[in-house]
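Colleague: pasting the sequence and the predicted coordinates here, then a few questions.
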Amino acid sequence: MTIVGEPLRGEQVAGSAHYVSAEQIEQLGHNDIQRIVRQIPGVSVQIEDGYGLRPNISIRGVATERSGRITLLEDNVLISPAPYSAPSAYYFPTIGRMSAIEVLKGPASITQGPYTIGGALNMISVPIPEIASGRVTLEAGEDATYRLHAHYGARNDAGFGYLVETHQWQSDGFQSIDRGGDTGLDVEDYTVKLSYAPDNANHRVELKLQYAEQDSDQTYLGLTDDDFRDDAFRRYGLSALDNIATQHEQVILRYEWDISDRLNFDATAYNNTHERSWFKTEGIDFDGSADAESFSRTSWFDVVQAVNSGEALGGLDSDQLQGILDGSIDTPAGSLQLRANDREYFSRGIQLGLDWNVLIGDWSHSIEVGLRIHEDEEDRLQRNSSYSQISGQLVRDDIGLLGNAGNRVQEAQALAIHIYDRIEIGNWTLTPGLRFEDIEQERTRWEIRPGSTLDPASRSADNLRDKRSNDTTVWLPGMGVIYSVNDELSVFAGIHKGFTAPSNAPGVDEEEAINYEIGVRFGDNNLRVEAAYFLSDYDNLLGECTASSGSDCEIGDAFNGDAVTVQGFEMLLGTNLNPTGEIAIPLALAYTFIDSKFDTDIGNTDFFGDVSKGDPIPYIPENQLNVSLGLVGSDWDIYLAANYVDEVCVRASCGAFEKTDSTLSVDLSGSYNLNQATELFARVENLTGEEDILGRQPYGARPNKDTTASVGVRFTF
């Protein structure tokens, strides 16, 4: 289930590895992955919905969008809906049910492909307990927010174990829609685990079944800058119907065999299915098409930018465009496009692993060999409907034909093999590794043809539009080194070839980079420090068009960004400022500096914007700082956490209205143990009420979460 497994083992990895334990997550009271991972140096987040439902996470400067450039895992199994064919994370596990988080960077990440330039993020679910025990967490907060997390499990003397778990979360949301509407969420999550592991047996088996539903009133439509400054938490009435409903199922079957004291074998079979229906506003036809099939769309991003800059668009001046956004101006029949973005995914495969510990001369080897056979698929059957806005209300004019917004399947088959050896000799640790990926991708599209008697959703040779494919084979070597100066101080370095799987677009190169790092670690009974310099030298930066990018390009198309250099510095510090006192004062600090630049003049592109040599990579902040300070008594604690992020460019050109705000947010949390079984807790997020523009994609300025307070109780038995 784990890669690192615990903080001490993370410090022994030849490369940067970080482990966030359940205790650390509970200390600050976070249920939002975005707030958790910003405690880890080198990790960047592009805020979108404020709750972390579909986070945009980057590691060491890779693209943030939908976390599609990092390897996402749950219990060491790929968890994106379709990791190869459609890696955008439109499903993300409920963080409130996780027991720990792991992040791997550097050469150690080559064991966790296919995305190895930035690294891997592994979320660890609650394990089956060794003794009969459980926990119930109840929480209530502002905006009618309620959360329940409960689990109970046991093992008997015969070796049978089980865990049952549920996580329920709902909220009315922190935003308000013009003329009324919901902006909240409703999430249901259920997990069952069964295991058989008799004492002293060398065989173990575990079955995990997980099911999740989500219904959230989320939108891609943001605000103009003036409207944002007036009310950052406003939403236009144009987004009143926007809603996403999802279902996710996971089955994992694990088998472990201790062949001998030095040789272990494990096998994992997994199957993930995901369905999503995101109904949301897409754009406007200024003349009014009247029917959904002949719609000629202008993106809301262009409308918002035109209002920001005071320019005309579609024959309307900026005041008239503002009136459309406000709902004070009626639009022609069929002028507004809303799309039912319905998609179905599966991701399944088999993983085999062999761990062999052997002593050869004076050299101690821990050899890990892994093989994964994987396939995944994204199936789109989407519908555009046309609406008009009358007296501020949306009126449907044409429901449209099923398939008019996309009728296609994209699929991938992949074979991945890695070998990784940890060699210890004296004060030295060497970790040579090699990863092999063989990927076959294909996309098939069908279309609606005028006058055809076929069902619009048909998939036959008679309405076949096109097919395309792209095959990739790559070898990814890497090497890490640790030199232990003494028991407290060590120096590490590494080099590896990083890789991002390309899309199915022919002629598009895979994303590759040679990655370097060098760092130092120090740890004693009261102080832990880690600092590292990293460099990623890209041969080609890959850009892939998605709806969430807000770019004027065809969804699924990919773009070569040519050579790019990303370099930076990471530092992590943890200590107790009062180690001998009755009240502990823990201090934790994580700082990241990233310098990311295009190395060539590319010119004007649909995806990256107008790119010149030296321009920054979008959404990668230069400076980030996260600091938490606590007071901890025998049965209580209080923590204050502050997070600073620089402004970022949302396009490489970084022109007018193409930047976010720099932001400083502060959270306060505390807990009190009534007794050994009962704990009270409370927290306030965004304590100072900051209202900053943290994103502009897909369609306008987007805020951080409003000041939100909550209280709760946790029972352990």
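Modeller: Sure thing, it's come through.

Colleague: what number of residues lie near the closest residue to Ala158 other than its chain neighbours?
Modeller: Here the nearest residue to Ala158 in space, its sequence neighbours aside, is Pro198; by CB to CB, 6 or more residues apart in numbering that works out to 6.6 Å. All C-beta spots, glycine's among them, are computed from the backbone N, C-alpha and C. Other residues near Pro198 come to 12 when the count uses other CB atoms under 10 Å.

Colleague: state the distance from Pro198 to Leu185.
Modeller: 43 Å (CB to CB, to the nearest Å).

Colleague: residues in contact with Val491?
Modeller: Ile482, Tyr483, Val485, Ile518, Gly519, Val520, Arg521 (CB atoms under 8 Å, 6 or more residues apart in numbering).

Colleague: try it again with 7 Å
Modeller: Val491 makes contact with Tyr483, Val485, Val520 under the criterion CB atoms under 7 Å, 6 or more residues apart in numbering.

Colleague: and it, that's in a helix?
Modeller: No. When DSSP: H, G, I helix; E, B strand; the rest coil is applied, Val491 is found to be strand, with no helix at that position.

Colleague: got a pLDDT number for it?
Modeller: The confidence metric pLDDT takes the value 95 at Val491.

Colleague: and what of the one 4 residues further on?
Modeller: Ile495 is assigned a pLDDT of 96 by the prediction.

Colleague: just use 7 as the starting number from now, easier for me
Modeller: Sure, I'll start counting at 7 from here, so that last one is Ile501.

Colleague: what helix or strand does the closest residue to it other than its chain neighbours sit in?
Modeller: Distance criterion CB to CB, 6+ apart; nearest residue to Ile501, sequence neighbours excluded, is Tyr522 at 5.2 Å. Secondary-structure element containing Tyr522, defined by DSSP states H and E: strand 517-529.

Colleague: C-terminal to that strand, what's the next element?
Modeller: Toward the C-terminus, strand 517-529 is succeeded by strand 533-546 as the next helix or strand (DSSP H and E).

Colleague: can I get that next one as PDB, trimmed to CA atoms?
Modeller: Extracted as PDB, the C-alpha positions of strand 533-546 are listed here (Å, rounded to 0.1, in the frame of the first residue of the first chain):
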ATOM      1  CA  LEU A 533      15.700  19.200  14.600                       C
ATOM      2  CA  ARG A 534      15.100  18.000  11.100                       C
ATOM      3  CA  VAL A 535      16.300  20.000   8.100                       C
ATOM      4  CA  GLU A 536      16.400  19.100   4.400                       C
ATOM      5  CA  ALA A 537      17.500  21.300   1.600                       C
ATOM      6  CA  ALA A 538      17.800  20.400  -2.100                       C
ATOM      7  CA  TYR A 539      18.600  22.000  -5.400                       C
ATOM      8  CA  PHE A 540      16.900  20.600  -8.500                       C
ATOM      9  CA  LEU A 541      17.100  21.100 -12.300                       C
ATOM     10  CA  SER A 542      14.800  19.700 -15.000                       C
ATOM     11  CA  ASP A 543      16.200  20.100 -18.500                       C
ATOM     12  CA  TYR A 544      13.300  19.500 -20.900                       C
ATOM     13  CA  ASP A 545      13.800  18.500 -24.500                       C
ATOM     14  CA  ASN A 546      10.200  19.200 -25.100                       C
END
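
Colleague: Phe575 contacts Phe599, correct?
Modeller: Yes. A contact is recorded between Phe575 and Phe599 when judged using CB atoms under 7 Å, the distance being 4.5 Å.

Colleague: can you count the residues close to Ile76?
Modeller: Around Ile76 sit 30 other residues, with neighbours defined as other CB under 10 Å.

Colleague: circling back to that earlier point, what's near enough to touch the residue nearest to Ile501?
Modeller: Ile501, Phe540, Leu541.

Colleague: switch to 10 Å and redo it
Modeller: Gly112, Pro113, Ala499, Gly500, Ile501, His502, Tyr539, Phe540, Leu541, Ser542, Asp543, Gln573 (CB atoms under 10 Å, 6 or more residues apart in numbering).

Colleague: I'd like to know how many residues surround the third one.
Modeller: What it means is Ala499. Residues lying near Ala499 (other CB under 10 Å) number 20.

Colleague: got a list of what it touches?
Modeller: Shown here is Ala499, whose contacts under the criterion CB under 10 Å, 6+ apart are 20-21, 112-113, 485-489, 522-526, 538-539.

Colleague: quick one on the thing from earlier: who does the residue nearest to Ile501 form a beta bridge with?
Modeller: Per DSSP bridges, residues listed as beta-bridge partners of Tyr522: Ile501, Leu541.

Colleague: partner strands of the helix or strand harbouring His173, with direction?
Modeller: Under the criterion DSSP H and E, the helix or strand holding His173 is strand 166-177. On the basis of DSSP bridges, the sheet neighbours of strand 166-177 come out as strand 151-161 (antiparallel), strand 191-202 (antiparallel).

Colleague: quick one on the thing from earlier: so among the contacts of Ala499, which ones count as buried?
Modeller: Among these, those that count as buried by neighbour count (16 or more other CB atoms under 10 Å) are 20-21, 112-113, 485-488, 522-526, 538.

Colleague: my guess is Thr287 contacts Asn347. True?
Modeller: No. The pair Thr287 and Asn347 fails to qualify as a contact (CB atoms under 10 Å) at a distance of 11.3 Å.

Colleague: in the longest strand along the chain, what counts as buried?
Modeller: Criterion DSSP state E: the longest strand present in the chain is strand 342-366. Using 16+ other CB under 10 Å as the burial criterion, the residues of strand 342-366 that qualify are 342-355, 357, 359-362.

Colleague: note down every partner strand of it and its orientation.
Modeller: Take DSSP bridges as the rule and strand 342-366 pairs in its sheet with strand 269-290 (antiparallel), strand 369-387 (antiparallel), strand 389-396 (antiparallel).

Colleague: nearest to Gly701, out of those strands?
Modeller: Gly701 lies closest to strand 269-290 among these, at 16.0 Å (CB to CB).

Colleague: what about the helix or strand following the closest one, distance to the chain center?
Modeller: Read in the C-terminal direction, the helix or strand following strand 269-290 is strand 304-305, with elements assigned using DSSP H and E. Relative to its chain's centre, strand 304-305 lies at 27 Å (CA atoms, centre = their mean, to the nearest Å).

Colleague: can you check stretch 48-58 too?
Modeller: A distance of 8 Å separates the centroid of the chain from that of stretch 48-58, by CA atoms, centre = their mean.

Colleague: mind listing the helices for the protein?
Modeller: Residue ranges of the helices in the chain, as given by DSSP state H, are 13-17, 28-34, 39-43, 231-236, 306-315, 324-332.

Colleague: out of those, which is closest to Ser668?
Modeller: helix 231-236 (15.2 Å).

Colleague: what's in contact with that closest one?
Modeller: Contacts of helix 231-236 from elsewhere in the structure, counted by CB under 10 Å, 6+ apart, are 228-230, 240-242, 310-311, 313-315, 328, 331-332, 662-663, 667, 697-699, 702, 706-709.

Colleague: change it to 8 Å
Modeller: Gly228, Arg240, Val313, Asn314, Leu331, Phe663, Glu697, Ile699, Ala707, Pro709.

Colleague: and these, which are buried?
Modeller: For the contacts of helix 231-236, a burial check counting by 16+ other CB under 10 Å picks out Gly228, Val313, Asn314, Leu331, Phe663, Glu697, Ile699, Ala707, Pro709.
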